[in-house]
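>>> Show me the folded form of this:
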Amino acid sequence: METRVFTSGLLMFKNNILILKRSPNAEFKPNIWDSVGGHIGEYETAENCILREAKEETGLVVEIVSSGKSYEINNKDGRWIVIPFLLRSNNDKVIVKKDEHSEYKWISPYEINNHECVPDLLLNIELFSKHIKN
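Residues are numbered from 1 along each chain as shown. Next up is the predicted model:
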């Protein structure tokens, strides 16, 4: 079983969170809603990784509001070590990379159950719930 380490960022604008629909051609979880994030490069910090990934995947410059304790996801696809972040943007004008994501939405965190999502997105909403307002 392979172990992968990656960052996952719950990105907020005002009181909404950004969700990105994975490309239908994605190797892992195609057409499933996701958040920004990605694998940490060699000699790269988790903080630099999440800021880079947010910019690459959305075109937005974001700030880190908080980070959480890393957690593990084990499933048929492998073992994932997740380093979670809560991010904020002062802009909601997303530019998606069509090779990675087919669409995006800004939603209330309480609408998340209406979408089929990757596990870390749901875990991050729970983890950072004290920062999320109604």
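
>>> Now for P84: which residues touch it?
Applying CB atoms under 8 Å, 6 or more residues apart in numbering to P84 gives the contacts 7-10, 67-71, 120, 123-124, 127-128. To be clear about C-beta, it is placed using only N, CA and C from the backbone, and glycine gets the same treatment.

>>> Sort out for me which of these are in helices.
Among the contacts of P84, the members falling in helices (DSSP state H) are D120, L123, N124, L127.

>>> Wait, the last one touches G68, no?
Yes - counting by CB atoms under 8 Å, G68 is a contact partner of L127 at 4.7 Å.

>>> Compare these two (neighbour count), which wins?
Neighbour count, other CB atoms under 10 Å: between L127 and G68, L127 has more, with 21 against 16.

>>> residue contacts, the more buried one?
When contacts are counted by CB under 8 Å, 6+ apart, L127 touches G68, P84.

>>> what residue is smack in the middle of the chain?
S35 (2.4 Å; CA atoms, centre = their mean).

>>> quick one: the nearest residue to that residue once chain neighbours are set aside from F85, how far?
Of all residues not flanking S35 in the chain, L121 sits nearest, at 4.8 Å (CB to CB, 6 or more residues apart in numbering). In this view, L121 and F85 are 13 Å apart by CB to CB, to the nearest Å.
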